[in-house]
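K.L.:
Below are the sequence and a predicted model for it; my questions follow.
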Amino acid sequence: MISKVVESPIGRLQLLATESALCGLNWSHQHVTPPNFNGAPQPDGQSEILDRASEELQLYFEGKLQEFSVPCAPEGTFFSDRCGRCWER
């Protein structure tokens with residue numbers, strides 16, 4: 001799993017991804033990893049998924065995007081799973 005911190009109008013966000021999907025989005029100060037993952041995510045990893053998610057978030061906050069196309073595979077608590085479903089909308 002790799003991670004990337006991005007700046008946004010609502011604060012710094014940490015994006016977490018596997019090779020094939022975005023699996024987490026947290027406030028950067030939380031340092032949260034999915035419960036099924038052992039170890040810490042590799043910070044500042046290079047990933048097409050992370051780059052695409054970062055670009056889509058930027059467009060969303062600029063009011064230019066309403067639907068995300070990044071593949072998602074959220075992992076986490078019940079609450080974080082529900083939040084992840086909102087990302088898919």
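P.N.:
Arrived safely.

K.L.:
Now do residue 72 against residue 29, distance only.
P.N.:
22 Å (CB to CB, to the nearest Å). Every residue, glycine included, has its C-beta placed from N, CA and C.

K.L.:
elements contacting whatever helix or strand residue 23 lives in?
P.N.:
Residue 23 belongs to strand 22-27 when assigned by DSSP states H and E. Other helices and strands packing on strand 22-27, by 3 or more CB pairs under 8 Å, 6 or more residues apart in numbering; DSSP states H and E, are strand 13-17, helix 48-61, helix 78-88.

K.L.:
Settle this for me: residue 14 is touching residue 3, isn't it.
P.N.:
Yes - taking CB atoms under 8 Å as the definition, residue 14 is a contact partner of residue 3 at 5.6 Å.

K.L.:
Tell me the buried residues in the strand holding residue 23?
P.N.:
Neighbour counts over strand 22-27 (16 or more other CB atoms under 10 Å) mark 22-26 as buried.

K.L.:
and if you look at stretch 60-70?
P.N.:
68, 70.

K.L.:
now do the same end-to-end measure for it.
P.N.:
Terminal residues of stretch 60-70 lie 13 Å apart, using CA to CA, to the nearest Å.

K.L.:
Report the rounded mean pLDDT for it.
P.N.:
The average pLDDT within stretch 60-70 is 94.

K.L.:
what does stretch 20-34 give?
P.N.:
77.

K.L.:
What sits closest to residue 12 if chain neighbours are left out?
P.N.:
Distances taken as CB to CB, 6 or more residues apart in numbering put residue 28 closest to residue 12, at 3.8 Å, once the chain neighbours are dropped.

K.L.:
what's the answer for residue 24, then?
P.N.:
residue 16 (3.4 Å).

K.L.:
mind checking pLDDT for the one you found?
P.N.:
Value for residue 16, per-residue pLDDT: 88.

K.L.:
isn't it right next to residue 28, touching?
P.N.:
No - here residue 16 does not reach residue 28: they are 11.1 Å apart, not a contact under CB under 8 Å.

K.L.:
The two: who's more crowded?
P.N.:
residue 16 (26 against 17; other CB atoms under 10 Å).
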